[in-house]
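J.: Okay, sequence plus prediction incoming.
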Amino acid sequence: MIWGVFLGASVMAQALAHILSRAFMRRAEHDTWAYAANSQILTAGVVGLYVLLSGQFELPPILDLWPWFLMTIVLNVVANIAQFEALKTAEASSFTIFASFRVLVSMLAAVLLIHEVVTLWQAIGAVVMIAAITIAFSHRLSFQYHPWMLPASLYALSSGLVFIGDARLVAESPSVATYMIFAFGLPGVATACIRPRILPAMLAIARSREILPMIGFSAVYGFMAVTLWLAYQAGADASQMAPIRQASIILTIVLALIFLKERDHIPQKIAATILAVIAVSLIV
């Protein structure tokens, strides 16, 4: 099951990327949008360098599948904006729980748009994964309505659909890495165009010492994306991959416990990790 190896590597890279971004953003001095746009453009650059050195450049079928490609670009920008708006007032833990429902969006879209079949066990596994995430953060969970929930819902919807759009395009792309250049680069440029006032901050970041850790983060994130879609090309279903990817949230908790000394509510974190393992087993 080679796709399991690729997907496992992607999940670990995603968790590491979360830790790097948390550690990095603690010292952030500029507009969050500037970091988001820079990181996307840098990721496209790092992946592009890999493609250039490995000689794997093959254009994805942009013209043939332009409606899908346009959809993913627009939804990527919407997801970034909605996430930023929600996190201006939401606690990160509460937002994570709310956004985890994108799993269900991805699974439903996989059935309706790319005609995959979701088994009962996969559906149960997705619910168990969401339960694991909820338990991990339940000490801060609030069921009262807050204004940030509207952009958070938009983020969950758009990011869940982006995942399926990427799956459709990767299925027809001869080179996953080449597609990732466009998938990261164009939303980053579009974000800067939508909010042009961040351009001075983007340039300031590029000229500062912050650029080196950002390049490291971008390399890890690019590796996460490429291995994720190599798993898809190797035979995994998008409806399987979407909930399994959420295991990175639990792994992030474990890594944060070790490296960031976030040692609150350890019993809940252990219970969540066990549930996540059960969920992955059900889905696979």
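T.: Structure received. Source: prediction; values computed, not measured.

J.: okay but Met129 is in contact with Met241, surely?
T.: No: using C-beta atoms under 8 Å, Met129 is not in contact with Met241; the gap is 12.0 Å. Heads up, the C-betas are built off the backbone N, CA and C, glycines and all.

J.: more crowded one of those two?
T.: Taking neighbours as other C-beta atoms under 10 Å, Met129 and Met241 compare with Met129 leading, 28 against 24.

J.: counting contacts, what elements does the strand or helix carrying Met107 pack onto?
T.: In this assignment (DSSP states H and E), Met107 forms part of helix 102-113. Here helix 102-113 touches helix 120-136, helix 149-172, helix 238-245, going by 3 or more C-beta pairs under 8 Å, 6 or more residues apart in numbering; DSSP states H and E.

J.: same thing but 6 Å
T.: Helix 102-113 is packed against helix 149-172, helix 238-245, with contacts defined by 3 or more C-beta pairs under 6 Å, 6 or more residues apart in numbering; DSSP states H and E.

J.: and the ones you listed, which one is worst for confidence?
T.: With a mean of 76, helix 238-245 has the lowest mean pLDDT of the helices and strands packed on helix 102-113.

J.: can you list contacts of that helix?
T.: 103, 106-107, 110, 116, 118, 126, 129, 163-164, 167, 280, 283 (C-beta atoms under 6 Å, 6 or more residues apart in numbering).

J.: before we move on, the earlier item: closest one to Ser10 among the helices and strands packed on helix 102-113?
T.: Among the helices and strands packed on helix 102-113, the nearest to Ser10 by C-beta to C-beta is helix 238-245 (7.4 Å).

J.: Might you report the residue contacts of Glu210?
T.: Contacts of Glu210 (C-beta under 6 Å, 6+ apart): none.

J.: Next, find the distance separating it from Phe184.
T.: 19 Å (C-beta to C-beta, to the nearest Å).

J.: With Leu199 instead?
T.: Leu199 is 18 Å from Phe184, by C-beta to C-beta.

J.: ok, the two, which is more surrounded?
T.: Phe184 (25 against 13).

J.: Quick check: closest non-adjacent residue to the more buried one.
T.: Ala44 (4.0 Å; C-beta to C-beta, 6 or more residues apart in numbering).

J.: any idea how far the nearest residue to Ala167 once chain neighbours are set aside lies from Leu230?
T.: Here the nearest residue to Ala167 in space, its sequence neighbours aside, is Ala238; by C-beta to C-beta, 6+ apart that works out to 4.1 Å. To Leu230, Ala238 is 14 Å away according to C-beta to C-beta.

J.: same question, Trp66
T.: 24 Å.

J.: Contact partners for the closest residue to Met202 other than its chain neighbours?
T.: By the measure of C-beta to C-beta, 6+ apart, the closest residue to Met202 outside its immediate chain neighbours is Ala34, 4.7 Å from it. Counting by C-beta under 6 Å, 6+ apart, Ala34 touches Ile198, Ala201, Met202.

J.: The second one against Asp31, yeah?
T.: When you say that, I think you mean Ala201. Yes: in this structure Ala201 lies within contact range of Asp31 using C-beta atoms under 6 Å: 4.8 Å.

J.: List the buried residues for stretch 215-234?
T.: Within stretch 215-234, the residues scored as buried using 16 or more other C-beta atoms under 10 Å are 217-232.

J.: I should have written stretch 104-114 there, sorry.
T.: Neighbour-count burial for stretch 104-114 flags Leu104, Val105, Ser106, Met107, Ala109, Ala110, Leu113, Ile114 (criterion: 16+ other C-beta under 10 Å).

J.: swap in stretch 64-84?
T.: For stretch 64-84, the neighbour count (16+ other C-beta under 10 Å) marks 65, 68-69, 71-73, 75-84 as buried.
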